[in-house]
Each structure stands twice: as structure tokens, then as C-alpha cells.
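1. Quick one: sequence and predicted model below, then my questions.
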Amino acid sequence: MKALVALILLVHLPTHEAVPAALPAPLRCDDPESEAAAEVAVSYINGHSHHGYKFALNSIDNIRVIPQGLNNDIIFLELDLLETTCHILSPTPLANCTVRSFTEHAVEGDCDVKLQKLDGKLSVLASKCHSREDSREDVARLCPDCPLLASLNNTEVLTAVTAALNDHNGRTADAYLRLLEIGRAKIQYHPVHIVSVEFAVAATNCSVQEAKDNVGACQLLPDDQSNFGFCIASMVMRPLQDLKVDCQLYGHQPGVIYSQPGHDTSAGLLPSVVQGFTNHNLRLSHNNPVASESSSSEFPISMLLAKSVAKRAVAEVAQHDKVPRPVGFVPPPPPPCPGKIRHFKI
């Protein structure tokens, strides 16, 4: 009898079907996990760029996560970066580098980065970047008198760089400095004609006196002794010529090397400069490594197209925010992407 009662109770017990585990919510561009991935990506981009300046994160435009298995995700990021005042050879941490202001004729970098998160560790598999200067019309609209970026092979720019380097070498008893590359140049015509230049330098194995006797024998120091530096100079061309130069050597930095172009660098110019470029393009200076993941160089087409869509969405939201709202209006929550803008949008 007891066995019969137990059987009846078992029959009437409620059955519980297996409920599949809920999928994690998609990452928002401003989530801590997204920020962490972006930080790794920016560090990687700066660490693998060998010309121009360090770039800082301005916004995360899009993020896509594709699970690959247990504790293994592939992450696609779209990043908007801005050029800083720190040359890529500078030992200054990125956190201490100043983003160039809008009126300094800012340069924006767009990057698509593919990362892997394996057992909680993030690593970059591949990246594609390019950079561009802000439009001259935008700068002139905000600051009509601000000088704009000049071509790095402009005759006046080359004259100013040569004069500045000769002036510095002529006033020091230390190592003779040689030009590595011109980083930036601007020319102001009114009310005074001024050429402003920034350029990277390196110490050679010659003293200034030895260079006077035979400059052709002066070579850059080997990698294990290298000493890079950076110069800022302004040269008044008219009405009276005047020159101000400030050069700083960083001291030897173990592991930091300068990627030499495939031709004579006595002029400090890259092939891109000869074509009249005004800034060192990330696409030209950044090389993707051989990734450990088979499809590391592939990016989904939807991701490559999303950047322009995201930028249009930001503009549309900004336009809608100008429309008067009724009393008690509660704005909708921000979209998952793009994320917050840390500095300004070009």
C-alpha cells in the first residue's frame, strides 16, 4: 500500500524541463569590458607604429563579440582615435600625452581591430588603420587665422628644418644629431610669415666637431645604444628672419627602434612625404603582424560599413537634441554604440 501511494505521488509531481541558459547581453561601447579591449588595441597600435605620433582613444564606435568556445571570444572593434603631441619615439606614457586641439588642425585615426579574449586575456590578432587631417574648411570656420598643416616636403618647411638642426648642432658640444623624419609643419602668412616645424632626431657616433670634419662618416648609434629625440622650431621668414629651436634627447630606451625607410634618410623624408603628405598615415606606418588565428586578417563587411553609419547616427542625435522637448519628457536610454566622445568629433 505504501509503495502504491509513493508511486501516485511521483506521477503527480510537477515536471521541470531543462531551460537553456540566457545568452549574455551584447556589450555596449562604454561597458568596462569594451573599454579594456580598446585600451589593449590602442596600446598595440601605438606599439606597432614607427612614424608620426601616438594616438589616443576618442570613442569606441562599434563592438562585436563572436563566441568561439569555452572562455574564448573573438572581438571586433571600431575605434576613433586622435593624434597627440607625443612622437611615437617619446617615452612619455600615453596617459600623459596631450591630444592636439581642434585649432591645431587635428588628425583623426580610424581603426578596425580584431582581438581574442582567451581565458580572460586579451590579445590583438589584426588591425587596419588609416588617419586623415580635419578638413581645412572646418578649422577655418572655427579659427580663420589658425595656420593649417603644410606638406612635409614643402620647400620652406625643408629650409626651416635644415636651419633649425644646423643651429642646434652649432650650439652644442654633445653628439651630432641627425634628422630622422619631419613630423608636422605649419606655415602662417599673416601678420608675420612664420614656418613652424616638428621633427624627430637621433644621436650619431660623432661629436659636433667630428661632424664638421667629415659628416659623411657619422652614423646613427646601434640599437643597443640608440638615443632618439624631438625638436620643435619656428622660423620667421619675413619681415626679419628669426629662428627659435628646442631639441630634447630622450636617452637610450631599451627595445625602442626606429624603422628606417628603404632609402637614404639624410633628408628625413619617407616615400609618402615626397608625394606631398601633411601627416604620417597610420595605414602607411602600421604593419599587421602574422597572427596566430587563421582568419586574423578578415573583418566582417558589416563592421567595415558601420563606421559611417555610426557617425551619421551621432550627427542625427545631436540634431534631434536641439528640438524643444515637452515638459516631463524622458529621453530614451543611449544606444549601445557608438560610445561617449572623450575629446571632440571631427
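-> On my side now, so go ahead.
2. A helix includes residue 168, no?
-> Yes: residue state for residue 168 (DSSP: H, G, I helix; E, B strand; the rest coil) corresponds to a helix.
3. For stretch 115-135, which residues meet the burial criterion?
-> 115-117, 122, 124-129, 131, 133-134 (16 or more other Cβ atoms under 10 Å). All C-beta spots, glycine's among them, are computed from the backbone N, C-alpha and C.
4. for the record, mean pLDDT for that stretch?
-> For stretch 115-135, the mean pLDDT works out to 94.
5. Check stretch 73-81 too.
-> Mean predicted confidence for stretch 73-81 is 97.
6. Tell me where the model's unsure across the stretch 201-346 of the chain.
-> Scanning the stretch 201-346 of the chain with the threshold set as pLDDT under 70 gives 261-275, 284-334.
7. would you list every one of the strands in it?
-> 228-238, 242-251 (DSSP state E, counting those that start in this stretch).
8. Tell me which strands the shortest one pairs with, and in which orientation.
-> It stands for strand 242-251. Counting by DSSP bridges, the strands paired with strand 242-251 are strand 228-238 (antiparallel).
9. Please save the CA atoms from the strand it pairs with in PDB.
-> C-alpha atoms of strand 228-238 as PDB (Å, rounded to 0.1, in the frame of the first residue of the first chain):
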ATOM      1  CA  PHE A 228      66.300  59.400 -30.000                       C
ATOM      2  CA  GLY A 229      64.900  62.900 -29.600                       C
ATOM      3  CA  PHE A 230      62.500  65.500 -30.800                       C
ATOM      4  CA  CYS A 231      62.800  69.100 -31.900                       C
ATOM      5  CA  ILE A 232      60.300  72.000 -32.200                       C
ATOM      6  CA  ALA A 233      61.300  75.100 -34.100                       C
ATOM      7  CA  SER A 234      59.800  78.200 -35.500                       C
ATOM      8  CA  MET A 235      61.400  80.300 -38.200                       C
ATOM      9  CA  VAL A 236      60.300  83.800 -39.000                       C
ATOM     10  CA  MET A 237      60.800  84.300 -42.700                       C
ATOM     11  CA  ARG A 238      59.600  87.900 -43.100                       C
END
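10. related to what we said a few turns ago, could you point out which of the strands of the stretch 201-346 of the chain sits nearest residue 174?
-> Taking Cβ to Cβ as the measure, the strands of the stretch 201-346 of the chain were each checked against residue 174, and strand 242-251 came out nearest at 8.1 Å.
11. Mind listing residues that contact the closest one?
-> Contact with strand 242-251 is made by 89-91, 163-164, 167-168, 177, 201, 203, 227-236, as judged by Cβ atoms under 8 Å, 6 or more residues apart in numbering.
12. re the thing from before, Throw the buried residues of stretch 115-135 into JSON lines and include secondary structure and distance to residue 246, thanks.
-> Converted to JSON lines, the buried residues of stretch 115-135 look like this (DSSP: H, G, I helix; E, B strand; the rest coil; distance: Cβ to Cβ, whole Å):
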{"residue": "115", "secondary structure": "strand", "distance to residue 246": "39"}
{"residue": "116", "secondary structure": "strand", "distance to residue 246": "43"}
{"residue": "117", "secondary structure": "strand", "distance to residue 246": "44"}
{"residue": "122", "secondary structure": "strand", "distance to residue 246": "39"}
{"residue": "124", "secondary structure": "strand", "distance to residue 246": "35"}
{"residue": "125", "secondary structure": "strand", "distance to residue 246": "41"}
{"residue": "126", "secondary structure": "strand", "distance to residue 246": "39"}
{"residue": "127", "secondary structure": "strand", "distance to residue 246": "34"}
{"residue": "128", "secondary structure": "strand", "distance to residue 246": "36"}
{"residue": "129", "secondary structure": "strand", "distance to residue 246": "30"}
{"residue": "131", "secondary structure": "strand", "distance to residue 246": "26"}
{"residue": "133", "secondary structure": "strand", "distance to residue 246": "24"}
{"residue": "134", "secondary structure": "coil", "distance to residue 246": "26"}
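13. who's in contact with the one residue sitting closest to the centre of the chain?
-> By Cα atoms, centre = their mean, the chain has its centre lying nearest to residue 55, at 2.6 Å. Shown in contact with residue 55 (Cβ under 8 Å, 6+ apart): 42, 45-46, 49, 81-84, 109, 131, 282.
14. same thing but at 6 Å, please
-> By Cβ atoms under 6 Å, 6 or more residues apart in numbering, residue 55 lies in contact with 81, 83, 109.
15. From those, pick the one nearest residue 173.
-> residue 83 (34.7 Å).
16. Report the contact partners of that closest one.
-> Counted by Cβ under 6 Å, 6+ apart, residue 83 has contacts 53, 55, 100, 107.
17. Looking at the residues you listed, which is nearest residue 253?
-> residue 53 (16.5 Å).
18. And for that closest one, the neighbour number?
-> By other Cβ atoms under 10 Å, the residues close to residue 53 number 28.
19. Next one: the residue nearest to residue 257 when sequence neighbours are not counted from residue 179, what distance?
-> Spatial nearest neighbour of residue 257, chain neighbours left out: residue 223 (5.4 Å); criterion: Cβ to Cβ, 6 or more residues apart in numbering. Plainly put, residue 223 is 19 Å away from residue 179 if you go by Cβ to Cβ, to the nearest Å.
20. From the neighbour counts alone, determine which of these two ranks first.
-> residue 179 (19 against 12).
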